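*Asks:* after the sequence you'll find the predicted model.
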Amino acid sequence: QVQLVESGGGLVQPGGSLRLSCAASGSIFSINDMGWYRQAPGKQRELVASITSGGSTNYADSMKGRFTISRDNAKNTVYLQMNSLKPEDTAVYYCNAPRVMTYSFQYLEVWGQGTLVTVSS
């Protein structure tokens, strides 16, 4: 009914940059918050950053100053610009929309399938 599709992951050297994208599609009437989470091998999934429909942002402390979240409401797309990447940023990055209203007036929480980011020399 509603899908989130991430793109932009890959292999990057320490100190490099990547830009992730997440596009929502389907029977979408509105999307409130959108966010990025990540899960490193052997670790729990953690919040990276989130953004409201009005553009207010929230970041995990370790990402502040290096990562920037943004969104294009007209395209139902959220972005994550990641700079100064470190090996410890290696993880699968997931897009999340915790409250999507559909045209049938259902509220859904939706997760993307994840995109792998590997930071290594």
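*Replies:* Here it is on my side, so go on.
*Asks:* figure out the length between the terminal residues of stretch 2-13.
*Replies:* When the termini of stretch 2-13 are compared using C-alpha to C-alpha, to the nearest Å, they are 34 Å apart.
*Asks:* just stretch 61-71 next, same as before
*Replies:* In stretch 61-71, first residue to last residue: 20 Å (C-alpha to C-alpha).
*Asks:* any buried residues in it, and which?
*Replies:* Neighbour-count burial for stretch 61-71 flags M63, F67, T68, I69, R71 (criterion: 16 or more other C-beta atoms under 10 Å). All C-beta spots, glycine's among them, are computed from the backbone N, C-alpha and C.
*Asks:* out of these, who's nearest S21?
*Replies:* Using C-beta to C-beta, R71 is the member of the buried residues of stretch 61-71 that lies nearest S21, at 10.3 Å.
*Asks:* the closest one against G55, yeah?
*Replies:* Yes. Counting by C-beta atoms under 8 Å, R71 touches G55, with 7.4 Å between them.
*Asks:* F29: how many residues sit nearby?
*Replies:* 11 (other C-beta atoms under 10 Å).
*Asks:* the residue lying closest to L108 once chain neighbours are set aside bridge partners, please.
*Replies:* Sequence neighbours aside, V100 is the residue nearest to L108 in space, at 4.8 Å (criterion: C-beta to C-beta, 6 or more residues apart in numbering). Counting by DSSP bridges, V100 is bridged to I31, L108.
*Asks:* and V100, how far from N32?
*Replies:* To N32, V100 is 8 Å away according to C-beta to C-beta, to the nearest Å.
*Asks:* return the distance of the helix or strand of the chain with the lowest mean pLDDT from the chain's centre.
*Replies:* The weakest-scoring helix or strand in the chain, judged by mean pLDDT, DSSP states H and E, is strand 28-31 (a mean of 94). Distance of strand 28-31 from its chain centroid, counting by C-alpha atoms, centre = their mean, to the nearest Å, is 17 Å.
*Asks:* C-terminal to that strand, what's the next element?
*Replies:* Remark: after strand 28-31, the chain's next helix or strand is strand 34-39, criterion DSSP states H and E.
*Asks:* just checking, what packs against that next one?
*Replies:* Using 3 or more C-beta pairs under 8 Å, 6 or more residues apart in numbering; DSSP states H and E, the elements in contact with strand 34-39 are strand 18-26, strand 46-51, strand 67-72, strand 77-82, strand 91-102.
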